[in-house]
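In: Just need the structure, nothing else, for what follows:
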Amino acid sequence: MRKLNYNEIVFLNQYMSFGAFIPPYAAANDGIYRMNKAKMIKVLIADIATLGIVFGILFLTIIGILFLTIFAAYGVYSLVSRSLPASFSYPTYWIPILIGFLTWAGLFVGSLYGIVKYGIVKLVKIVGKMFGKTANELEGELVVSWSQVKTITVVNVKRIVTTTRKSVHDVPRVVFITIGDWHVLTIDGRDITIPKVDDPHNKLNCVKNRFNLNFS
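Out: A predicted model of the protein is given here:
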(Lines give C-alpha, C1' and ligand atoms only; values in the text may rest on other atoms or scores of the structure.)
Protein backbone atom coordinates (compact mmCIF):
# COMPACT_ATOMS: atom_id res chain seq x y z
CA MET A 1 0.00 0.00 0.00
CA ARG A 2 1.19 3.52 -0.81
CA LYS A 3 0.21 6.79 0.81
CA LEU A 4 -1.44 9.13 -1.69
CA ASN A 5 -3.09 12.54 -1.66
CA TYR A 6 -5.63 14.29 -3.82
CA ASN A 7 -3.08 16.47 -5.59
CA GLU A 8 -1.16 13.59 -7.17
CA ILE A 9 -3.99 11.34 -8.38
CA VAL A 10 -6.88 11.29 -10.82
CA PHE A 11 -9.89 9.34 -9.61
CA LEU A 12 -11.20 7.05 -12.33
CA ASN A 13 -14.48 5.76 -10.93
CA GLN A 14 -14.95 7.58 -7.62
CA TYR A 15 -18.49 8.65 -8.48
CA MET A 16 -19.64 5.10 -9.24
CA SER A 17 -17.75 3.39 -6.41
CA PHE A 18 -19.27 5.21 -3.46
CA GLY A 19 -22.28 3.33 -2.13
CA ALA A 20 -21.59 0.34 -4.41
CA PHE A 21 -19.54 -2.86 -4.29
CA ILE A 22 -17.09 -1.45 -6.81
CA PRO A 23 -13.50 -0.81 -5.70
CA PRO A 24 -12.39 2.77 -6.40
CA TYR A 25 -9.43 3.21 -8.74
CA ALA A 26 -7.12 6.17 -9.28
CA ALA A 27 -4.27 7.00 -11.62
CA ALA A 28 -0.98 8.35 -10.25
CA ASN A 29 2.33 9.24 -11.82
CA ASP A 30 3.61 5.65 -11.62
CA GLY A 31 0.49 3.62 -12.42
CA ILE A 32 -3.09 2.69 -11.56
CA TYR A 33 -4.03 2.10 -7.93
CA ARG A 34 -6.90 0.31 -6.24
CA MET A 35 -7.83 2.74 -3.49
CA ASN A 36 -8.70 1.84 0.08
CA LYS A 37 -12.40 2.74 0.23
CA ALA A 38 -12.50 2.75 4.04
CA LYS A 39 -9.80 5.44 4.07
CA MET A 40 -11.66 7.45 1.43
CA ILE A 41 -14.86 7.39 3.48
CA LYS A 42 -12.89 8.40 6.57
CA VAL A 43 -11.41 11.34 4.67
CA LEU A 44 -14.85 12.34 3.38
CA ILE A 45 -16.33 12.29 6.89
CA ALA A 46 -13.38 14.27 8.24
CA ASP A 47 -13.75 16.89 5.50
CA ILE A 48 -17.48 17.26 6.15
CA ALA A 49 -16.83 17.62 9.89
CA THR A 50 -14.13 20.21 9.19
CA LEU A 51 -16.46 22.23 6.97
CA GLY A 52 -19.12 22.08 9.67
CA ILE A 53 -16.65 23.45 12.22
CA VAL A 54 -15.59 26.20 9.80
CA PHE A 55 -19.14 27.35 9.11
CA GLY A 56 -20.00 27.17 12.80
CA ILE A 57 -17.07 29.37 13.82
CA LEU A 58 -17.71 31.80 10.96
CA PHE A 59 -21.35 32.06 12.05
CA LEU A 60 -20.31 32.79 15.65
CA THR A 61 -17.75 35.31 14.37
CA ILE A 62 -20.40 37.17 12.37
CA ILE A 63 -22.72 37.19 15.39
CA GLY A 64 -19.85 38.50 17.53
CA ILE A 65 -19.07 41.30 15.08
CA LEU A 66 -22.73 42.31 14.91
CA PHE A 67 -22.94 42.32 18.71
CA LEU A 68 -19.83 44.49 19.00
CA THR A 69 -21.20 46.88 16.36
CA ILE A 70 -24.53 47.29 18.15
CA PHE A 71 -22.84 47.59 21.54
CA ALA A 72 -20.39 50.24 20.31
CA ALA A 73 -23.10 52.19 18.49
CA TYR A 74 -25.33 52.18 21.56
CA GLY A 75 -22.47 53.32 23.81
CA VAL A 76 -21.56 56.22 21.52
CA TYR A 77 -25.20 57.21 21.11
CA SER A 78 -25.79 57.12 24.87
CA LEU A 79 -22.71 59.21 25.63
CA VAL A 80 -23.42 61.80 22.95
CA SER A 81 -27.14 62.11 23.73
CA ARG A 82 -26.40 62.91 27.38
CA SER A 83 -23.61 65.39 26.70
CA LEU A 84 -24.82 67.10 23.54
CA PRO A 85 -27.36 69.59 25.06
CA ALA A 86 -24.81 71.02 27.48
CA SER A 87 -22.10 71.15 24.86
CA PHE A 88 -23.68 74.13 23.13
CA SER A 89 -23.41 76.21 26.32
CA TYR A 90 -20.10 74.77 27.46
CA PRO A 91 -17.83 73.95 24.51
CA THR A 92 -15.41 72.09 26.80
CA TYR A 93 -18.00 69.29 27.00
CA TRP A 94 -16.93 68.24 23.52
CA ILE A 95 -13.69 66.93 24.98
CA PRO A 96 -15.28 64.04 26.96
CA ILE A 97 -17.56 63.35 24.01
CA LEU A 98 -14.54 63.03 21.73
CA ILE A 99 -12.66 60.94 24.28
CA GLY A 100 -15.67 58.67 24.74
CA PHE A 101 -16.14 58.28 21.00
CA LEU A 102 -12.47 57.43 20.44
CA THR A 103 -12.59 54.98 23.34
CA TRP A 104 -15.58 53.14 21.92
CA ALA A 105 -14.10 53.23 18.42
CA GLY A 106 -10.82 51.85 19.76
CA LEU A 107 -12.59 49.04 21.59
CA PHE A 108 -14.56 48.15 18.49
CA VAL A 109 -11.59 48.24 16.11
CA GLY A 110 -9.41 46.35 18.59
CA SER A 111 -12.04 43.68 19.11
CA LEU A 112 -12.58 43.32 15.38
CA TYR A 113 -8.83 43.07 14.79
CA GLY A 114 -8.53 40.42 17.50
CA ILE A 115 -11.36 38.39 16.01
CA VAL A 116 -9.86 38.51 12.52
CA LYS A 117 -6.23 37.92 13.51
CA TYR A 118 -6.62 35.42 16.31
CA GLY A 119 -9.90 33.91 15.19
CA ILE A 120 -10.40 33.72 11.45
CA VAL A 121 -6.71 33.67 10.45
CA LYS A 122 -5.89 30.92 12.93
CA LEU A 123 -9.01 29.07 11.82
CA VAL A 124 -7.84 29.11 8.20
CA LYS A 125 -4.44 27.71 9.26
CA ILE A 126 -6.04 25.00 11.39
CA VAL A 127 -8.43 24.02 8.59
CA GLY A 128 -5.54 23.92 6.12
CA LYS A 129 -3.64 21.52 8.39
CA MET A 130 -6.73 19.38 8.91
CA PHE A 131 -7.42 19.11 5.19
CA GLY A 132 -3.77 18.40 4.47
CA LYS A 133 -3.66 15.70 7.12
CA THR A 134 -6.82 13.94 5.95
CA ALA A 135 -5.82 14.19 2.29
CA ASN A 136 -2.53 12.45 3.08
CA GLU A 137 -4.40 9.59 4.74
CA LEU A 138 -5.46 8.23 1.35
CA GLU A 139 -3.77 5.01 0.38
CA GLY A 140 -3.91 2.57 -2.49
CA GLU A 141 -2.43 -0.66 -3.82
CA LEU A 142 -0.62 -0.60 -7.15
CA VAL A 143 -2.54 -2.61 -9.75
CA VAL A 144 -0.32 -1.97 -12.74
CA SER A 145 2.55 0.42 -13.43
CA TRP A 146 2.60 2.55 -16.56
CA SER A 147 5.82 0.89 -17.66
CA GLN A 148 3.91 -2.40 -17.94
CA VAL A 149 0.94 -0.99 -19.90
CA LYS A 150 0.85 -1.79 -23.61
CA THR A 151 -2.61 -0.48 -24.51
CA ILE A 152 -5.80 0.75 -22.82
CA THR A 153 -9.07 0.25 -24.67
CA VAL A 154 -12.42 1.68 -23.59
CA VAL A 155 -15.21 -0.93 -23.72
CA ASN A 156 -18.79 -1.39 -22.49
CA VAL A 157 -19.58 2.31 -22.85
CA LYS A 158 -23.09 3.32 -21.81
CA ARG A 159 -25.04 6.27 -20.54
CA ILE A 160 -26.84 6.06 -17.22
CA VAL A 161 -29.28 8.32 -15.39
CA THR A 162 -27.74 9.93 -12.32
CA THR A 163 -30.49 12.25 -11.15
CA THR A 164 -33.53 14.19 -12.25
CA ARG A 165 -33.43 17.95 -11.86
CA LYS A 166 -35.99 20.63 -12.51
CA SER A 167 -35.33 23.31 -15.07
CA VAL A 168 -36.21 26.99 -14.72
CA HIS A 169 -39.74 26.20 -15.92
CA ASP A 170 -40.16 23.50 -13.30
CA VAL A 171 -39.99 20.79 -15.97
CA PRO A 172 -38.18 17.57 -14.96
CA ARG A 173 -34.86 17.15 -16.74
CA VAL A 174 -32.98 13.86 -16.85
CA VAL A 175 -29.20 14.05 -16.37
CA PHE A 176 -26.94 11.39 -17.87
CA ILE A 177 -23.31 10.47 -17.40
CA THR A 178 -21.20 8.22 -19.58
CA ILE A 179 -19.35 5.31 -18.03
CA GLY A 180 -17.20 2.55 -19.48
CA ASP A 181 -14.57 -0.03 -18.58
CA TRP A 182 -10.87 0.39 -19.23
CA HIS A 183 -9.44 -2.78 -20.72
CA VAL A 184 -5.74 -2.69 -19.85
CA LEU A 185 -3.41 -4.99 -21.78
CA THR A 186 0.08 -5.31 -20.32
CA ILE A 187 3.31 -6.05 -22.19
CA ASP A 188 3.45 -9.50 -20.59
CA GLY A 189 -0.06 -10.39 -21.82
CA ARG A 190 -2.18 -9.77 -18.71
CA ASP A 191 -5.71 -8.36 -18.99
CA ILE A 192 -6.83 -5.93 -16.30
CA THR A 193 -10.26 -4.31 -16.15
CA ILE A 194 -10.86 -0.95 -14.48
CA PRO A 195 -14.66 -0.88 -14.09
CA LYS A 196 -17.19 1.96 -14.36
CA VAL A 197 -14.81 4.78 -15.31
CA ASP A 198 -16.81 7.98 -15.64
CA ASP A 199 -16.39 9.82 -18.95
CA PRO A 200 -13.90 7.09 -19.92
CA HIS A 201 -12.52 8.50 -23.20
CA ASN A 202 -11.85 11.99 -21.87
CA LYS A 203 -10.55 10.58 -18.59
CA LEU A 204 -8.05 8.45 -20.54
CA ASN A 205 -6.83 11.47 -22.51
CA CYS A 206 -6.60 13.49 -19.31
CA VAL A 207 -4.46 10.82 -17.61
CA LYS A 208 -2.17 10.50 -20.65
CA ASN A 209 -1.62 14.25 -20.82
CA ARG A 210 -1.10 14.72 -17.10
CA PHE A 211 1.43 11.92 -16.68
CA ASN A 212 3.05 12.20 -20.14
CA LEU A 213 2.10 8.69 -21.23
CA ASN A 214 2.54 7.51 -24.82
CA PHE A 215 0.98 4.06 -25.01
CA SER A 216 -1.74 3.51 -27.60
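
In: The top strand by length along the chain pairs with which strands, parallel or anti?
Out: What stands out as the longest strand in the chain, according to DSSP state E, is strand 149-166. Paired with strand 149-166 in the same sheet, following DSSP bridges, are strand 172-186 (antiparallel).

In: Report the buried residues of the partner strand.
Out: 178, 179, 180, 181, 182, 184, 185 (16 or more other CB atoms under 10 Å). For every residue, glycine as well, the C-beta is placed using N, CA and C.

In: Verify the contact between residue 153 and residue 181 for me.
Out: No. Contact criterion CB atoms under 8 Å: residue 153 and residue 181 do not qualify, at 9.0 Å.

In: Quick check: bridge partners of the spatially closest residue to residue 158 that is not a sequence neighbour?
Out: Residue nearest to residue 158 in three dimensions, not counting chain neighbours: residue 179, with 6.4 Å by CB to CB, 6 or more residues apart in numbering. The partner list for residue 179 in beta bridges (DSSP bridges) reads residue 158, residue 198.

In: Can you tell me the SS state at residue 106?
Out: helix (DSSP: H, G, I helix; E, B strand; the rest coil).

In: Run a quick neighbour tally on it.
Out: Close neighbours of residue 106, defined as other CB atoms under 10 Å, add up to 11.

In: before we move on, what about residue 141?
Out: 11.

In: List the contacts of the nearest residue to it once chain neighbours are set aside.
Out: Nearest non-adjacent residue to residue 141, counting by CB to CB, 6+ apart: residue 34, 5.0 Å away. Contacts for residue 34 (CB atoms under 8 Å, 6 or more residues apart in numbering) come out as 23, 24, 25, 140, 141, 143.

In: and if you look at residue 30?
Out: Contacts of residue 30 by CB under 8 Å, 6+ apart are 142, 145, 146.

In: run the last query once more with 7 Å
Out: Contacts for residue 30 (CB atoms under 7 Å, 6 or more residues apart in numbering) come out as 145, 146.

In: For residue 189, see how far away it is.
Out: 21 Å (CB to CB, to the nearest Å).

In: the strands in the chain, which residues?
Out: Remark: strands assigned in the chain by DSSP E are 2-4, 10-11, 25-27, 31-35, 138-145, 149-166, 172-186, 191-198.
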